[in-house]
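Trainee: Sequence first, then the predicted structure, then my questions.
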Amino acid sequence: MREVIRDPAKTFRCPRCGAPVTYKGRGRRPVWCSARCRVEASIERRANEIVGVKPEVVKVVSPTTRLSDWEKERRQEIERSLDRDAVVEMVASRPDLLMDVLARVGEQGLSAPSGDRQILSGAMIRTARSVSPETVDHAITSPRRSHKRDVSEWVTLLDELTMQLATGLLYDRDLPTIDDPMRNLVDHYLRRVDGSKR
């Protein structure tokens, strides 16, 4: 198949005789320069079908379509050349890309079993230790500040958790993570309620 690129800024030539094709500014852009060329091309196509000659197909494309085809081919070429090792090397050598990956994982979470998430977390801590050991050790050994929350704060937090559970904002994949803390909370709450009734 032969492609003819039609650039609106340039003169388009008739695929049959090569004469310039004029466009009056309304409707579909014509392919042929005249009715004569259009009819002769049609007769030639029908004659070729009768005698069994394969016709030459001319595809008229706009420059933007041609460019998008080129872009697709270029993208496929890049994807073929980028294997797993090349991608890993690229991310490892550019801190900005690594930060983007970590931020995306933090936003979207990981759709992986809890065992895989624990392995990944351990690998991230080991990598952080090798990059900046003093920062990681300080973060792990520094005691967490705990303060007594006001009852209204707890009401707000529990309402927010309830709303996220009800609307699905807290994903199913995250439910096993909060399973044990929720059981502990309910157990301690029921013990306190039972104790106050006695």
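Mentor: Received the coordinates, thanks. Numbering: from 1, shown residues only.

Trainee: Run the chain-centre distance for the strand or helix carrying D179.
Mentor: Using DSSP states H and E, D179 falls within helix 175-197. The chain centre lies 40 Å from the centre of helix 175-197; the measure is CA atoms, centre = their mean, to the nearest Å.

Trainee: Now it: buried residues?
Mentor: Residues of helix 175-197 include none that count as buried (16 or more other CB atoms under 10 Å). Where C-beta positions appear, they are placed from N, C-alpha and C, glycine not excepted.

Trainee: what pLDDT, on average, does the helix or strand that contains I125 get?
Mentor: If you go by DSSP H and E, I125 is part of helix 114-131. The average pLDDT for helix 114-131 rounds to 79.

Trainee: quick one: low-confidence ranges for the chain?
Mentor: Along the chain, segments meeting pLDDT under 70 span 1-10, 55, 57-68, 110-112, 137-147, 198.

Trainee: tell me, what residue is most central in it?
Mentor: With distances taken as CA atoms, centre = their mean, R104 lies nearest the centre of the chain, 11.3 Å away.

Trainee: what residues are up against that residue?
Mentor: Counting by CB atoms under 8 Å, 6 or more residues apart in numbering, R104 touches no other residue.

Trainee: so how far is R29 from Y23?
Mentor: Note on Y23: its distance to R29, by CB to CB, to the nearest Å, is 5 Å.

Trainee: what do these two both touch?
Mentor: What both Y23 and R29 touch, as defined by CB under 8 Å, 6+ apart, is the set F12.

Trainee: Show me where the protein has its helices.
Mentor: For the chain, applying DSSP state H gives helices covering 35-51, 63-81, 84-93, 95-108, 114-131, 133-141, 151-167, 175-197.

Trainee: Which one, of those, ends up nearest to F12?
Mentor: Minimum separation from F12 across the helices of the chain (CB to CB) falls at helix 63-81, 11.5 Å.

Trainee: what's around the closest residue to R149 other than its chain neighbours, how many residues?
Mentor: Nearest residue to R149 in three dimensions, chain neighbours excluded: L157, at 7.9 Å (CB to CB, 6 or more residues apart in numbering). Residues lying near L157 (other CB atoms under 10 Å) number 11.

Trainee: when you give positions from now on, start the count at 549
Mentor: Noted, 549 is the first residue going forward, which turns the last one into L705.

Trainee: how far away is Y737 from R731?
Mentor: With CB to CB as the criterion, Y737 and R731 are 11 Å apart.

Trainee: wait, L630
Mentor: Distance from L630 to R731, by CB to CB: 46 Å.

Trainee: Equivalent analysis for D707, please.
Mentor: Taken as CB to CB, the span from D707 to R731 is 20 Å.
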